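Participant: Have a look at this prediction, sequence included:
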Amino acid sequence: MAFLIKLLPTTNLLDSKTELGLIASSKFGKITHNLVFFKYQATGNDFILIEDEEFDPKWVKPLCKRRYGIGADGLIWSRPSHVATRKMTFFNCDGQEASMCLNGLRTLFFHTASLSSPYITIETAVGIYKGSKSGLFLPPPSFRKSLTINNLRGELFNTGVEHYIVESELQDLAIDELGRELRHHKALEPAGANINFVQKMAPDEIWVRTYERGVEGETMSCGTGAYACHAYLGVSKSKVRFFHGDELYFEDKPEGTFIKGAVAFVYRGSLCSESIS
């Protein structure tokens, strides 16, 4: 699969943000107009965000491929909604649609909401979420069951997608090998689950490393995994710290569990129409 990108820096900068023009060629057909995208990262999870209604999801995998495309853990496709402010469709970097990505959803709230606006709503495959630029409210997670897999006892939660939580020392953990083995275990069939290895630091603080389904490897952070960790702790207010140091904060409120954490705009660019063959 060929996907070549040439970066063309432009001289017109918007609010001192980097703007790049991308020329691409591949087997995936033709784009009939310049396709604008935004690059974001949320506690180390990086995303491509596209608002173009004519975007073709078959472009997700080559665009997310590092060193060949833009490179990202996933792609957020934001479109108009009949029932909310915007609608989010999320794709993992393997090109498959996922029902939820909480860091992706946090990114879209950050991108869409203004600092002065009241709460907005975003439609997803698993429901409508309410939030603002600073964070959003989450519905209660569901506890699936306790499981022992390969002599490792853990708990399975659904926070929009399924997460298996196992307590472990994290420093020298062979996460890719062990995570892959658990993620594909028959006990978690048919779809498998994301695997979270956790270490309790305090009654209201937990350290986590996540092997993500769809990425098929460790990611720097996972929002739905962090929410499963909050549920696992069983407290009303918690801090979930990722292995590389970033943190997400959770607080149970009458409207739902409120999540907040860092989101950063990185750059924007465009895929140019004349480049696609």
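Facilitator: That came in fine, so what should we check first?
Participant: Give me the buried positions along stretch 65-82.
Facilitator: Neighbour-count burial for stretch 65-82, counted by 16 or more other CB atoms under 10 Å, picks out 65, 68-70, 72-78. No exception for glycine: its C-beta is placed from N, CA and C like everyone else's.
Participant: ok, now stretch 209-227?
Facilitator: 209-215, 218-227.
Participant: Contact partners for the closest residue to residue 222 other than its chain neighbours?
Facilitator: Spatial nearest neighbour of residue 222, chain neighbours left out: residue 210 (4.1 Å); criterion: CB to CB, 6 or more residues apart in numbering. Each residue near residue 210 by CB atoms under 8 Å, 6 or more residues apart in numbering is listed here: 194-197, 218-219, 221-222, 225.
Participant: so what strands line up beside whichever helix or strand residue 122 is part of?
Facilitator: Assessed by DSSP states H and E, residue 122 sits inside strand 120-124. As defined by DSSP bridges, the strand partners of strand 120-124 come to strand 86-92 (parallel), strand 127-132 (antiparallel).
Participant: In the stretch 151-277 of the chain, what residue spans correspond to strands?
Facilitator: 152-158, 162-167, 194-202, 205-212, 217-219, 237-242, 247-253, 256-261, 264-271 (DSSP state E, counting those that start in this stretch).
Participant: can you redo these as a markdown table with distance to residue 184 and mean pLDDT?
Facilitator: Listed next are these as a markdown table, based on distance: least, CB to CB, whole Å; pLDDT from 0 to 100:
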| stretch | distance to residue 184 | mean pLDDT |
| --- | --- | --- |
| strand 152-158 | 14 | 92 |
| strand 162-167 | 12 | 93 |
| strand 194-202 | 10 | 93 |
| strand 205-212 | 11 | 94 |
| strand 217-219 | 13 | 90 |
| strand 237-242 | 23 | 95 |
| strand 247-253 | 27 | 96 |
| strand 256-261 | 29 | 96 |
| strand 264-271 | 32 | 92 |
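Participant: Low-confidence stretches in the stretch 101-250 of the chain?
Facilitator: Residues of the stretch 101-250 of the chain that meet the criterion pLDDT under 70 lie in 115-116.
Participant: was I right about residue 160 contacting residue 224?
Facilitator: Yes: using CB atoms under 8 Å, residue 160 is in contact with residue 224, at 5.2 Å.
Participant: any common contacting residues for the two?
Facilitator: Residues touching both residue 160 and residue 224 by CB under 8 Å, 6+ apart: 100, 102.
Participant: surely residue 165 meets residue 154?
Facilitator: Yes: Residue 165 is in contact with residue 154 according to CB under 8 Å; the separation is 5.3 Å.
Participant: Between the two, which contacts overlap?
Facilitator: With CB under 8 Å, 6+ apart, residue 165 and residue 154 have no common neighbours.
Participant: and residue 176, how many neighbours?
Facilitator: 12 (other CB atoms under 10 Å).
Participant: do you know how far it is from residue 182?
Facilitator: 11 Å (CB to CB, to the nearest Å).
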